[in-house]
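Enquirer: Sequence below, structure please.
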Amino acid sequence: MALSWTLCCLLTFIVPGVADQEKVTPVQKVLQLMNDMLAKGKKEMNDEAVKFSAYSQWCDNQDRIKKKEIADANEKIEKLNAEIAKLTADIEELTARILELDADIARWKKDMTAATTIREKEKTDYEATLQDYSESIDALERAINVLKKQSADKPQAELVQSLLQVKALRLVPSETKGALSSFLQQDPAATYSAPEANAYEFQSGGIVDMLEKLKKDFKKQKLDLQDEELNSVHGYEGIMQDLTDNIENAEAEIARKTKVKAEKEQEKADAEADLAQTTADRDEDQKYLDDLTALCTQKRADFEKRQELRAGELEAIQKAIDIIGSASVAGAADKHLPSLMQNAGVAMAQLRSNDKSPLQARVAAFLASRADVLHSKLLSLVAQKAEDDPFKKVKKMIKDLIYKLMEEAREEAEHKGWCDTELTTNKQTRDKKSADIESLKADIEELTAEIAKLTEDIGKLTAEVKELDEAMAKATEDRTASKEKNQATIKDAKEAQEAVAQALAVLKEFYAKAAEATALAQQTPGEDAPESFDEPYKGMQSEGGGVVDFLEVITADFARLESETTTDEETEQEEYEKFMFESKKDKALKENEIGHKTEKKTAQEGALHSAKEELAVTQEELDAAMAYYEKLKPSCVDSGITYEERVKRREAEIQSLKEALKILSGEGI
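Expert: This next block holds a predicted model:
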């Protein structure tokens, strides 16, 4: 607007064709105009003697100008009254909004206090429950270890104490407490058995299994509890972050609106002062017009004073040319004003005798035939001994064999029962440990996958935080550079305004003095007026007024440059602060999420480590059970024939030996 107005004025006062020179700045045009004035003033000093402006025309012009100024003042007064009313309404609205925000902040702070109270109670409950789980798992692990290491011939105090500790735990289910009570009430001799010292194995597997299952459940519940706590903390922090953001935003808005309110109050005060000044100026102009009407009935010409005034005018114009042509004005204009227009693994003893008996021969034949039928090497060997050894030795041998076979049968029966028990227990152990291993492997796979996902999420969030840091650093760098540029522009504009103001002061001072010099001495038109002058000389009013107008426009251009640059600086700073606030908020949320995920990852890594350790222990237990099974196989599984076949063959051999003994005793077969 200001540049366009300047151009309009230039087109009014410059010669035809010069307006087509688009690269000529307003300041250059003013300098040209003042130089022209200087030349013209010198010429007019020479022409003063032959030229005189019509006094009456001056009176008419002043009459028209003052009437226009009075009308403009009345219009300005009306606008100022409207502006003051609007500013008053805006101030009241801003005051109401500030009070509303203050009430919101108080309410949000109460919400923060309430949320913190609830979070502290939840945390206290969580820590108590977590301690219960930790103590329960520790007690279960001690009880399991005591149960696995305990033997029947050792004191049971440690076992009983461990189980009583487990039974006393708050989190242990009632059915488990009942099972423990039943187990503790049993007679230790009935609970433990050891058919052989080197084959003893603990017989309370059911209790161990139950406790191990309970321990596993407690570990899972503990992890679930920790996850719930993390979620609760995350939710609490989210609520607190939202409330904090609301408070910060409200406080920021209060600060902005307080600043705007202060600005509007200042604007109102300025408008009221302007209103008072404008009213006073209008009243003064009215008085001047009244005086002018009377004054214009007189005139006086003072040639000598006019020459003196012309010399002073030329001196003032020269001073103005020197000031406007300086770097403070012309340099600043060339640098800044044109820019206003450019717009992210049996042995048997042998007896020999030469004494033979017919009964021996019968016994030998009998035993040999039975040996063939039963395919018994033992009966075949006894038949040979019965034929070769003395009679008494044969009878004793047969009796000894019968006893030995019966003893073997008893021992084998006991061994069979022991094998069945051991094999059954071993199979149960192998099956259980195999199932436990599969379950642990599945847990490990699940934990490994979750840890990998958490690691990936943490990586992404870390990268996003880095991007935010880089963006904030770039924004800070750009803001600093722009701020320096804006401050330099504002400084230049202020200096230019000061310089132009000096030039205006010089010219206005001259014309004010010129007006006084002529006004004070005026008399009636007909008295003492030189014949060649019709009005008093007050300087080159037309050209002078144009220069003053141009200088005022240039001052307005520099003021506009200062104002717009200041506004741009404030806008850029506000946008920068908003961007930094949002970025820091986003960064805090991401860092908070990184903390939660890192904490959860650490917990899952601990659980993974525990699962791997438990898998290694369980695998060792399975390997031990498999090794014991391999140790049992030679005597309990891989004997060649079944236990029933061995019993049947042994009974037939015993029966044959008994019948042979009857023959030797003289009894019939």
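
Enquirer: Count the neighbours of residue 406 for me.
Expert: Residue 406 sits with 13 neighbouring residues when counted by other Cβ atoms under 10 Å. C-beta coordinates here come from the backbone N, C-alpha and C atoms, glycine included.

Enquirer: Same question for the one 3 residues further on.
Expert: For residue 409, the count of nearby residues is 15 (other Cβ under 10 Å).

Enquirer: any idea which helix or strand comes after the helix or strand containing it?
Expert: Counting by DSSP states H and E, the element that carries residue 409 is helix 391-519. Moving toward the C-terminus from helix 391-519, the first helix or strand encountered (DSSP H and E) is helix 541-636.

Enquirer: average model confidence for that following helix?
Expert: Along helix 541-636, the predicted confidence averages to a pLDDT of 84.

Enquirer: Now residue 585. Nearest residue, chain neighbours left out?
Expert: Of all residues not flanking residue 585 in the chain, residue 245 sits nearest, at 6.4 Å (Cβ to Cβ, 6 or more residues apart in numbering).

Enquirer: Closest to the centroid, which residue in this protein?
Expert: For the chain, the residue whose C-alpha lies nearest the mean C-alpha position (Cα atoms, centre = their mean) is residue 590; its distance is 1.3 Å.

Enquirer: That one touches residue 468, doesn't it?
Expert: Yes. At 7.5 Å, residue 590 counts as touching residue 468 under the criterion of Cβ atoms under 8 Å.

Enquirer: circling back to that earlier point, from memory the residue nearest to residue 585 sits against residue 582, does it?
Expert: No. In this structure residue 245 lies outside contact range of residue 582 using Cβ under 8 Å: 9.7 Å.

Enquirer: Looking at those two, which has the bigger crowd around it?
Expert: Between residue 245 and residue 582, counting by other Cβ under 10 Å, residue 245 is the more crowded of the two (16 against 12).

Enquirer: Does the more buried one lie in a helix or a strand, and which?
Expert: Assigned by DSSP H and E, residue 245 belongs to helix 205-295.

Enquirer: for that helix, packing partners?
Expert: The criterion is 3 or more Cβ pairs under 8 Å, 6 or more residues apart in numbering; DSSP states H and E, and the helices and strands that helix 205-295 contacts are helix 55-149, helix 174-185, helix 391-519, helix 541-636.

Enquirer: Give me the distance between that helix and the centre of its chain.
Expert: Using Cα atoms, centre = their mean, to the nearest Å, we find the averaged C-alpha position of helix 205-295 to lie 20 Å away from the chain's own average C-alpha position.

Enquirer: what's the following helix or strand after that helix?
Expert: In the C-terminal direction, the helix or strand that comes right after helix 205-295 (DSSP H and E) is helix 303-324.

Enquirer: Now that following helix: buried residues?
Expert: Of the residues in helix 303-324, those buried by neighbour count under the rule 16 or more other Cβ atoms under 10 Å are 305-306, 309-310, 312-314, 316-317, 319-321, 323-324.

Enquirer: In contact with the closest residue to residue 146 other than its chain neighbours: list those residues for me.
Expert: Leaving aside its chain neighbours, residue 146 sits nearest to residue 162 (4.5 Å; criterion: Cβ to Cβ, 6+ apart). For residue 162, the contacting residues are 139, 142, 143, 146, 147, by Cβ atoms under 8 Å, 6 or more residues apart in numbering.

Enquirer: Thanks again, I'm all set now.
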